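Engineer: Return a 3D structure for these sequence lines:
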Amino acid sequence: TWDPELVREAANVEGYEARYITQTAKYNRQLLMLWGPQSDLARDPRWGRTEEVYGEDPIFNGTMVVAFVHGLQGDDPKYWQSAALLKHFLANENENNRNGSSSDFDERLFWEYYSVPFRMGFEDGGARALMASYNAWNGTPMAVNPILRSIVIDKWHGEVLSSDGGAVTLLVDPRHLYPNQEAAAVACLKAGINQYLDKYSDELHAAMKDGSIKESDLDEALRRKFQVEIKLGLLDPPEK
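Structural biologist: Take a look at the predicted model:
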């Protein structure tokens, strides 16, 4: 479309419908954190999700991402309509071996190209959440990559960082970075992940018992999660 305003309007409809369904008892569904916008760059037409993105230009992609975020989250001065969750950080643009590949490039390409739509989504759009991708960057899988904290949390003020479906399992097999699911889930938590798309409550309970994580680790993860819930009004009385 090359039309940011149209993208904003479409995303606003999506956010409105999510809010309506969430607040309408007969649906009994809670879905205020929406998985989008897709903020990756289209680098290979064989990639199966090319149709979800806006092309290969980082500034244009970022402009559309900002419009999408504004549409989802709305313009109420106090509450977000819904929450944007940018996908998939970072350089997740190949189909073959996407669960175990590494996207290798230098810091200049990171800052000037691959991260630009995500940075714009946070700094210009006001997003506070993203999903880590399956792939690695320069050999370190994104679900445990130190830049989740050093850049997304510390520089962009990210609050909800989600793993992708099955991504924690992939750290054990085929990547063989951790001996079991508990160790992988703990590594993700310590890297900044505070939302799992799979269930790891048993593993984290075991980690608390064996000392792999502390209550303070959970406090920090939950504090960021609650910041988004406050913006969505979920901790306020319904009449507000």
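
Engineer: Would you confirm that Gly165 contacts Lys199?
Structural biologist: No: Gly165 lies out of contact with Lys199 (Cβ atoms under 8 Å); the separation is 11.2 Å. The way it works is simple: take the backbone N, C-alpha and C, and place the C-beta from them, glycine included.

Engineer: These two: who's more crowded?
Structural biologist: Between Gly165 and Lys199, counted using other Cβ atoms under 10 Å, Gly165 has the larger neighbour count: 12 against 9.

Engineer: ok, the more buried one - contacts?
Structural biologist: Gly165 makes contact with Leu197, Asp198 under the criterion Cβ atoms under 8 Å, 6 or more residues apart in numbering.

Engineer: again, only using 6 Å
Structural biologist: Going by Cβ atoms under 6 Å, 6 or more residues apart in numbering, Gly165 touches Leu197.

Engineer: ditto for Val160
Structural biologist: Ala129, Gln195, Lys225, Val228.

Engineer: Quick one: those as CSV, columns for distance to Pro77, pLDDT and secondary structure too.
Structural biologist: As requested, these are arranged in CSV below (distance: Cβ to Cβ, whole Å; pLDDT from 0 to 100; DSSP: H, G, I helix; E, B strand; the rest coil):
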residue, distance to Pro77, pLDDT, secondary structure
Ala129, 20, 98, strand
Gln195, 27, 97, strand
Lys225, 23, 97, helix
Val228, 17, 98, helix
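
Engineer: any idea which of the residues you listed is the one closest to Trp111?
Structural biologist: For those, the closest approach to Trp111 (Cβ to Cβ) belongs to Ala129, at 21.2 Å.

Engineer: What separation is there between the residue nearest to that closest one when sequence neighbours are not counted and Val228?
Structural biologist: Excluding the flanking residues, the one nearest Ala129 by Cβ to Cβ, 6 or more residues apart in numbering is Val160, at 3.7 Å. Distance, Val160 to Val228, by Cβ to Cβ, to the nearest Å: 5 Å.

Engineer: swap in Gly139?
Structural biologist: On the measure of Cβ to Cβ, Gly139 and Val228 end up 31 Å apart.

Engineer: neighbour count winner among the two?
Structural biologist: More crowded of Gly139 and Val228, by other Cβ under 10 Å: Val228, with 20 against 9.

Engineer: Pretty sure the more buried one sits against Gly158.
Structural biologist: No: look at Val228 against Gly158 with Cβ atoms under 6 Å: they stay out of range, at 10.1 Å.

Engineer: Do you have the strands of this structure handy? List them.
Structural biologist: Ranges of strands in the chain, per DSSP state E, are 33-34, 83-84, 86-89, 102-103, 129-132, 136-137, 140-141, 160-162.

Engineer: Contacts for the fourth one, please.
Structural biologist: The reference is to strand 102-103. With Cβ under 6 Å, 6+ apart as the test, strand 102-103 has contacts from Ala91, Asn135, Ala136, Trp137, Gly139.

Engineer: Serialize those residues to a markdown table and add fields for distance to Asn61.
Structural biologist: Below are the contacts of strand 102-103 laid out as a markdown table (distance: Cβ to Cβ, whole Å):
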| residue | distance to Asn61 |
| --- | --- |
| Ala91 | 13 |
| Asn135 | 18 |
| Ala136 | 22 |
| Trp137 | 18 |
| Gly139 | 25 |
